[in-house]
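Trainee: Structure of the sequence below:
(2 chains)
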Amino acid sequence: MSHDRWDSLLGRDWSAEWERLPEAPELVPRPMTAQITLRLPVALLVRIKRVAAARSLPYHAMARSWIVDGIRQSVAPSPAAASEEPQTEQLNLKLDNEILDALKARADELRRPYHSLAREWIEAAIAREEEALGLDPVEAGQPAIKDLMVLLLHANNEQGQNAIRGITRLQKLLFVIEQNLANQSRFYAFNYGPFNEEVNDAANALRLAGFLRGAPSVSAEPPTFEAMMAMVFQRSGPREEPATEEFALNEEGHRAVERLRQSSRAYDQLYAYIQRLRSEWDKPNLLRRVYKTWPKYAERSLIRDQVEGRARRRRSN
Amino acid sequence: MDEVVVNANQLENSAQSTAACLWKTTLPFAVDPVLWRFQVPRWWRNEKGETKRNYNRLATAYSKDTSIKMAAGPLLETVASDDEWRILAGNVIRYQRDRLLGVPSQLDFLDASHPRELHPARLIAPGLVAYSPELDRINRLLIEASVDVAGEPVAAQLIAPLDRLRDSDEVRALLAALPNDGVNSVFIWTPEVTEDQLIADHATFAAVSHLVAGLADRGIPVGHQYGSYAIAALHDAGLAAVTHHMGWVDKGEPAEEQRLMMRSCRTYVPGVRHSLHFSDAENLGRNLSPAKYTKRYCECRFCVGTLDAGENPLDLLLEDHVLVLSDGRRRPVPTARAVAANTWHYLLSRRLEIEAFSNLPVLEVIERDIDRAAELTGDRDTRRLRALAAEVRSA
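Mentor: Numbering: from 1, shown residues only, chains lettered A, B, ... in the order given. The predicted structure is shown next:
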């Protein structure tokens, strides 16, 4: 808009225009008293949450708005082919009665069950949003370190053990996995070789989520005296060397990994690949092998000589 | 505890564990953008003069779509115009809104107990340490730009340096510079002032009190960002909230990054409302009966639970061991479990203090604490509390 036009608009007397405006509807809160429960495959729910995160929106509100959009559209989606994936997840959406009635009326008009229609609108919207946001519906980029970590802890080494002793070993195994998966590395050379602080953070996050053995229980309630004491006595006292930390999933953690594997074929294949890598790499010579294979990541290592010395002793024995 | 404030530099270090903790506890949270850390290089660089990785990530997020070379030099020298300050403020607001939304991985999305998306309970406008009227102007601009981008009222920060607090005209100028529109709360804070200094320096205490009362009179809820016992005593002057960190050794909240140092053998002694060396705490509390311990030394849930279990809480709280340093020197340090025990003891004690100031007249609380300190140490530790009571009375 030109400045002249802008000035002329600003200079005009608009007071008479108010009279021509239609009466505004009364502002009354419309309680959302109805609810619709949609059964969805796990993967679809994950996609909804991912788009909501990318849009900075609550996912329930976003899904609700897609249903409202669907009701307003004149063109109905073509019935989706029945998905082979089991619909194990639930999405409970609160709606106001008017919207639910409109959804039922529209479904009736189209001779379709209203739950299916709502689900199809959501599926269509999610595909549109993913395209607009550039999200891969199956996998959004490099797997998160935390996901790689749980898959690693679910796999076994050659001795059939799940647990990993020490954060250094955990760091190196995740480094090996990443080097085999991606061109870009999130690791850098540090005091003990390749390091990524995200690994320590992810391990803490898993502990707080209650997926690791010996994890403290964290909840909304203030901790009991017993819980506080348990946390205190996990730490070392006098005359005790700090114990080497062991990372192992508890039952809940293993169940979570099974859900992850079932969520998509890509994750199931990733697990199989990680299982192979762990069998191949999780051995006593891990550190030396990492230093030898990726020497630039060992440049700042404070323990390079010790690692070499240990390897020589092992060879001479 | 009503709300958690996570510093953005810390969030960059541990985004996933922060998110896991917030999901589990379901506590409301806010992110302190700590923009002021980029004002002076030693406030964000490590001892080698390098920018730490978390600050690099923060600088990248904050300076997105600008030509600001953040973390390359003092912030004031790298921001070229008011427009850039405005964009910076917008980026800081977006960072607070979005940072934790990007954390969930596939594993989290599948977790049925994954309770909520992590939206901050309040947005905080970035603030700089207000050394001069020019910085007051920039702070005002940052607040106004934050309100515009947020599309809702925001919390503001008033970071008042000691020099300006000692001048009543400057205190008035600080208050006048803070806008009312779009500000739903204010966090105040004074870098590098210990609690002892605050109590001993009448002008500083009066100025902080004046800031609190001035903002409260304008109808703005005011909180203190690094509160102590003495700060919580400003409740009746209008202080509505106190945030504090997890440490119990008062270093006066220096603005610079805290280096990784060995823990000192100090413990918080609620009986005297400040921290003491282990040996002093031992002398005060070791021989008290359980009843006298809870009456005079500490009545926090951790100590009471330990006493109920037939143990002396000081066995754990004052547990140390000798560390042999690389140069052969020997130094006693608290054991890891003593640090954990002291953390609970301190947090629970502080909770009781805040509850007391919230529920009773401030002077009544301090008088009660003077009597308690007198029972524990005689006159030695009551002087400090009497000085605080005098300051509160005159404020």
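
Trainee: contacting residues around B:Leu100?
Mentor: Shown in contact with B:Leu100 (C-beta atoms under 8 Å, 6 or more residues apart in numbering or on different chains): B:11, B:15, B:18-19, B:22, B:31, B:118. Using the backbone N, CA and C atoms, a C-beta is placed for each residue, glycine as well.

Trainee: Could you rerun that using 7 Å?
Mentor: For B:Leu100, the contacting residues are B:15, B:19, B:118, by C-beta atoms under 7 Å, 6 or more residues apart in numbering or on different chains.

Trainee: And for B:Leu307?
Mentor: Going by C-beta under 7 Å, 6+ apart, B:Leu307 touches B:290, B:293-294, B:313.

Trainee: ok, now with 6 Å
Mentor: By C-beta atoms under 6 Å, 6 or more residues apart in numbering or on different chains, B:Leu307 lies in contact with B:Pro290.

Trainee: how near is it to chain A?
Mentor: As judged by C-beta to the nearest C-beta, to the nearest Å, B:Leu307 and chain A stand 11 Å apart.

Trainee: tally of neighbours for the closest residue to chain A within the stretch 101-250 of chain B?
Mentor: At 3.4 Å from chain A, B:Ser105 is the closest residue in the stretch 101-250 of chain B, using C-beta to the nearest C-beta. Close neighbours of B:Ser105, defined as other C-beta atoms under 10 Å in any protein chain shown, add up to 23.

Trainee: List the backbone torsions phi and psi for the nearest residue to it once chain neighbours are set aside.
Mentor: Nearest non-adjacent residue to B:Ser105, counting by C-beta to C-beta, 6 or more residues apart in numbering or on different chains: A:Ala144, 3.4 Å away. Torsion angles at A:Ala144 (phi, psi; degrees, to the nearest 10) stand at phi -70, psi 150.

Trainee: cool, and B:Asn287?
Mentor: Taking degrees, to the nearest 10, you get phi -90, psi 10 for the backbone angles of B:Asn287.

Trainee: what's the neighbour count on B:Arg330?
Mentor: When neighbours are defined as other C-beta under 10 Å, B:Arg330 has 8 of them.

Trainee: Tell me what it is bridged to.
Mentor: B:Val324 (DSSP bridges).

Trainee: any chance you could map the helices in the stretch 51-200 of chain B?
Mentor: With DSSP state H, counting those that start in this stretch as the criterion, the stretch 51-200 of chain B has helices at B:53-62, B:75-78, B:82-98, B:106-110, B:133-150, B:162-165, B:168-177, B:195-200.

Trainee: same for the lengthiest helix in chain A, what does it pack against?
Mentor: What stands out as the longest helix in chain A, according to DSSP state H, is helix A:114-133. Under the contact criterion of 3 or more C-beta pairs under 6 Å, 6 or more residues apart in numbering or on different chains; DSSP states H and E, helix A:114-133 touches helix A:42-55, helix A:59-72, helix A:97-110.

Trainee: neighbours around the residue of the stretch 51-200 of chain A at minimum distance from chain B, how many?
Mentor: Closest residue of the stretch 51-200 of chain A to chain B, C-beta to the nearest C-beta: A:Ala144 (3.4 Å). With neighbours defined by other C-beta under 10 Å, the count for A:Ala144 comes to 19.

Trainee: surely it meets B:Pro104?
Mentor: No - with contact defined as C-beta atoms under 6 Å, A:Ala144 does not count as touching B:Pro104 (8.6 Å).

Trainee: Can you add mean pLDDT and mean neighbour count and give the helices of the stretch 51-200 of chain B back as TSV?
Mentor: What follows is the helices of the stretch 51-200 of chain B, written out as TSV (pLDDT from 0 to 100; neighbours: other C-beta atoms under 10 Å in any protein chain shown):
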stretch	mean pLDDT	mean neighbour count
helix B:53-62	94	19
helix B:75-78	95	17
helix B:82-98	96	20
helix B:106-110	86	24
helix B:133-150	97	20
helix B:162-165	93	18
helix B:168-177	95	16
helix B:195-200	89	18
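
Trainee: What parts of chain B come near chain A?
Mentor: When proximity is defined as C-beta under 6 Å from any C-beta of the partner chain, chain B approaches chain A at B:14, B:16-17, B:20-21, B:24-26, B:97-98, B:101, B:105-107, B:109-110, B:117, B:302, B:305, B:321, B:335-337, B:340-341, B:344.

Trainee: Can you check the distance spanned by stretch B:97-108, start to finish?
Mentor: Across stretch B:97-108, the terminal residues are separated by 19 Å (C-alpha to C-alpha, to the nearest Å).

Trainee: got it, and stretch A:158-177?
Mentor: Chord length of stretch A:158-177, first to last residue, is 16 Å (C-alpha to C-alpha).

Trainee: buried sites along it?
Mentor: In terms of neighbour count (16 or more other C-beta atoms under 10 Å in any protein chain shown), stretch A:158-177 has its buried residues at A:162, A:164, A:167-168, A:170-177.

Trainee: Of the helices and strands packed on helix A:114-133, which stretch is the most buried?
Mentor: A comparison of the helices and strands packed on helix A:114-133 by mean neighbour count, using mean count of other C-beta atoms under 10 Å in any protein chain shown, puts helix A:42-55 on top with a mean of 21.

Trainee: can I get the CA coordinates of that helix in CSV?
Mentor: The C-alpha coordinates for helix A:42-55 follow below in CSV (Å, rounded to 0.1, in the frame of the first residue of the first chain):
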residue,chain,number,x,y,z
VAL,A,42,0.8,-46.0,17.3
ALA,A,43,2.6,-44.6,14.3
LEU,A,44,-0.2,-42.2,13.5
LEU,A,45,-0.3,-40.9,17.1
VAL,A,46,3.4,-40.3,17.0
ARG,A,47,3.1,-38.4,13.7
ILE,A,48,0.3,-36.2,15.3
LYS,A,49,2.5,-35.4,18.3
ARG,A,50,5.5,-34.7,16.1
VAL,A,51,3.6,-32.2,13.9
ALA,A,52,2.1,-30.6,17.0
ALA,A,53,5.6,-30.2,18.4
ALA,A,54,6.9,-28.7,15.2
ARG,A,55,3.9,-26.3,15.2
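
Trainee: re earlier: would you convert the helices and strands packed on helix A:114-133 into TSV that also reports mean pLDDT?
Mentor: Rendered in TSV, the data for the helices and strands packed on helix A:114-133 read as follows (pLDDT from 0 to 100):
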stretch	mean pLDDT
helix A:42-55	77
helix A:59-72	87
helix A:97-110	85
